[in-house]
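S.K.: please work out how this folds:
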Amino acid sequence: MILVTGATGFAGSHLLDRLPAGSRVTAWARPGGHPARPRAGVDWRHVDLLNREAVAAAVRATQPGTIFHLAGAPHVGTSFDNPSQPLAINAVGTHYLLTAVEDHAPDARVVIVTSAMIYRPSDEPQTETSPTVPSSPYGLSKLAQDRLAALAAAGGLDVVIARPFNHTGPRQDPSFSVPAFAQQIARIEAGTTEPVLRAGNLDAERDITDVRDVVDAYAVLAERGRAGTPYNVCSGRAWRIGDLLDMMLGRARVPIRVEVDESRLRPIELPRLVGDNTRLRSLGWMPRISVERMLDDVLEHWRTQPAR
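M.R.: Next up is the predicted model:
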């Protein structure tokens, strides 16, 4: 039995697509959450990660052999407004899950998804041994989650740690840069808004990977990752956000003007974030989807939305 937490989220929905046909899957959604589209063979459960008893009962009932823990608060920018939310969901929720695994499914392989935002800012590629000094409440919550995973592994649980860098693709929320650009381009092409695209910091550089390659990495880690070991999930190349936008504007069907919107700027913006994926590549993983295809697919996703 495979358990996926955060299954209604961006990466979670793609992971469900990635799992082998015929897999027995239990997918957790937050209370009130619903899958974007039905998937055959998936048993959906509503579980509140901050309800310790509910988490324990759900793990006990499922008896999973593999767990992908993707649930959490995903956004860096909003963490400055409400830092208690990511700390609660990402740290406390992970603690409750790992405690339930220890009590009710101690032989399960658990992939805990943390974040590259735990690293101290640097222009150099981040390795898994780089200093961890987060620069946002989100990063702090993910560092706590990362440490909880390492402690669980030291205590004997079969836990592997994934540290994804930026990733995007179809179905990502437009509060993130690439889908925000795509949504605006689609609206402009449809004639529903003026031909002006509003953007935040275009000079930031990010290591960005297609989400479908990222969930491939999670599957590889579940199969071949070493317990207690963190793995960077990244492309190994940094892209300037403005260059990605230029590539998307080159795909637009109408002329579009760009304006910087100060409301889209974050209180703290890392100038550059790039990772070293040598450790993950040693397991046989490598990114397959080009940036060009990724941008094409994100644009096409927003162009085909019934209400853009």
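
S.K.: tell me where this structure has strands.
M.R.: 2-5, 25-29, 42-46, 66-69, 109-113, 158-164, 166-168, 196-199, 205-210, 230-233, 238-240, 257-260, 272-273 (DSSP state E).

S.K.: with distance to D297 and mean neighbour count as extra columns, can I get those in TSV?
M.R.: In this view, the C-beta of every residue, glycine as well, is placed from N, C-alpha and C. Shown next, in TSV, are these (distance: least, C-beta to C-beta, whole Å; neighbours: other C-beta atoms under 10 Å):
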stretch	distance to D297	mean neighbour count
strand 2-5	22	26
strand 25-29	23	23
strand 42-46	23	15
strand 66-69	22	26
strand 109-113	22	26
strand 158-164	18	24
strand 166-168	10	25
strand 196-199	19	17
strand 205-210	8	24
strand 230-233	19	26
strand 238-240	16	17
strand 257-260	22	12
strand 272-273	23	19
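
S.K.: could I get those strands as a markdown table with mean pLDDT and distance to E189?
M.R.: Listed next are those as a markdown table, based on pLDDT from 0 to 100; distance: least, C-beta to C-beta, whole Å:
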| stretch | mean pLDDT | distance to E189 |
| --- | --- | --- |
| strand 2-5 | 98 | 35 |
| strand 25-29 | 95 | 33 |
| strand 42-46 | 93 | 34 |
| strand 66-69 | 98 | 36 |
| strand 109-113 | 98 | 34 |
| strand 158-164 | 98 | 31 |
| strand 166-168 | 97 | 20 |
| strand 196-199 | 96 | 11 |
| strand 205-210 | 97 | 23 |
| strand 230-233 | 98 | 33 |
| strand 238-240 | 97 | 23 |
| strand 257-260 | 94 | 14 |
| strand 272-273 | 96 | 31 |
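
S.K.: and P174, which of the ones you listed is closest to it?
M.R.: strand 166-168 (10.8 Å; C-beta to C-beta).

S.K.: tell me how far the closest one lies from the chain's centre.
M.R.: 7 Å (C-alpha atoms, centre = their mean, to the nearest Å).

S.K.: end to end, how far does stretch 225-242 reach?
M.R.: End-to-end distance for stretch 225-242: 35 Å, by C-alpha to C-alpha, to the nearest Å.

S.K.: next one: stretch 129-147
M.R.: 13 Å.

S.K.: same thing with stretch 55-73?
M.R.: 17 Å.

S.K.: hang on, the earlier thing: export the strands of the chain to CSV and append columns for distance to L87.
M.R.: As requested, the strands of the chain are arranged in CSV below (distance: least, C-beta to C-beta, whole Å):
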stretch, distance to L87
strand 2-5, 17
strand 25-29, 20
strand 42-46, 23
strand 66-69, 16
strand 109-113, 16
strand 158-164, 18
strand 166-168, 21
strand 196-199, 29
strand 205-210, 24
strand 230-233, 20
strand 238-240, 28
strand 257-260, 31
strand 272-273, 21
